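# sequence and predicted structure, then a few things I'm wondering about:
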Amino acid sequence: MNGFARWLPHPLLTPVLTATWLLLNNSLAPGHLVLGLLLGLVIPRFTLAFWPERVRIRRPRALLGLAGVFLQDVLLANFAVARLVLAGPRALRPAFVVVPLALRDELAISLLANIICLTPGTVSARLSADRRELLVHALDCADTEALVATIKSRFEAPLREIFEC
C-alpha cells in the first residue's frame, strides 16, 4: 500500500465523515472543522480491516441523481406521513411487501435497505439469507406491486448503475 493509500484508504469517506460531523454539530467553528477532519482521517484508517474490498463507484453522476431522488422522496414522504398521522389510524393501510432484488453488491444492498429505512413510512424488515429478497414494511400501501416497482425503479436501478454496471 503506497503512502497516499495508507493515509487515505477511502478518499471519499474522509470528506463525507467530516461533513457529517459538521452537520451534526451545526457549526463551522475552527475547532469543529479540525475535529471533523481528524475524524475523517482516523476512522477510515482504523476501520480498514472491516472493508474487505475497496468501494468502486462506477457512475458518480448516477450517485448524485440518486441523492436527489432520495431527498425528494424523503421530503414528500414526510408530508404523506404527517397527513396519515393527522387522519388517524383508520386511514392507514399497512403492509409487508417482498421486494425481489437484482442487486448482488453487498454495499448496494445495504444502501438500498438504508434508503428504505430513512424514507418516512417504510422500513426494511429483513433480508433473505440468499440476499435475493428484501422484506419491506410500508405504513400505507394501497398497491403492493406499485410499491415494489417504485423501489426497484427509483432506488435499486440507480444503485445497480452506480455499483454494478
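Nice, thanks for sending it over.

# what's residue 119 sitting at in phi/psi?
Per-residue torsions, residue 119: phi -90, psi 120 (degrees, to the nearest 10).

# for it, list the residues it contacts.
Contact partners of residue 119, counting by CB atoms under 8 Å, 6 or more residues apart in numbering, are 70, 73-74, 77. Any C-beta I mention is one placed from the backbone N, CA and C, and that applies to glycine too.

# repeat for residue 133
Applying CB under 8 Å, 6+ apart, the residues near residue 133 are 98-101, 127.

# give me the distance between residue 130 and residue 64.
31 Å (CB to CB, to the nearest Å).

# kindly report the same for residue 141.
With CB to CB as the criterion, residue 141 and residue 64 are 29 Å apart.

# higher neighbour count, these two?
Shown here are residue 141 and residue 64; by other CB atoms under 10 Å, residue 141 has more neighbours (20 against 11).

# neighbours around the closest residue in space to that one that isn't next to it in sequence, how many?
Nearest residue to residue 141, sequence neighbours excluded (CB to CB, 6 or more residues apart in numbering): residue 95, at 4.0 Å. Residue 95 has 15 neighbouring residues, counting by other CB under 10 Å.

# just list whatever residues bridge to residue 95.
residue 138 (DSSP bridges).

# ok, of the contacts of residue 133, which come out buried?
Buried by 16 or more other CB atoms under 10 Å: 99, 101, 127, out of the contacts of residue 133.

# among those residues, which are located in strands?
99, 127 (DSSP state E).

# list just the nearest of the buried ones among the contacts of residue 133 to residue 7.
residue 127 (34.3 Å; CB to CB).

# and residue 76, that's in a helix?
Yes. The assignment for residue 76 by DSSP: H, G, I helix; E, B strand; the rest coil puts it in a helix.

# per-residue confidence for it?
Predicted confidence (pLDDT) for residue 76: 96.

# most neighbours among the contacts of residue 119, which one is it?
When the contacts of residue 119 are compared by neighbour count (other CB under 10 Å), residue 73 ends up highest, at 20 neighbours.

# ok so, going back, just the contacts of residue 119 now: which is nearest residue 27?
residue 74 (23.4 Å).

# dump the contacts of residue 133 into CSV; add pLDDT as well.
Converted to CSV, these look like this (pLDDT from 0 to 100):
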residue, pLDDT
98, 98
99, 98
100, 98
101, 98
127, 97
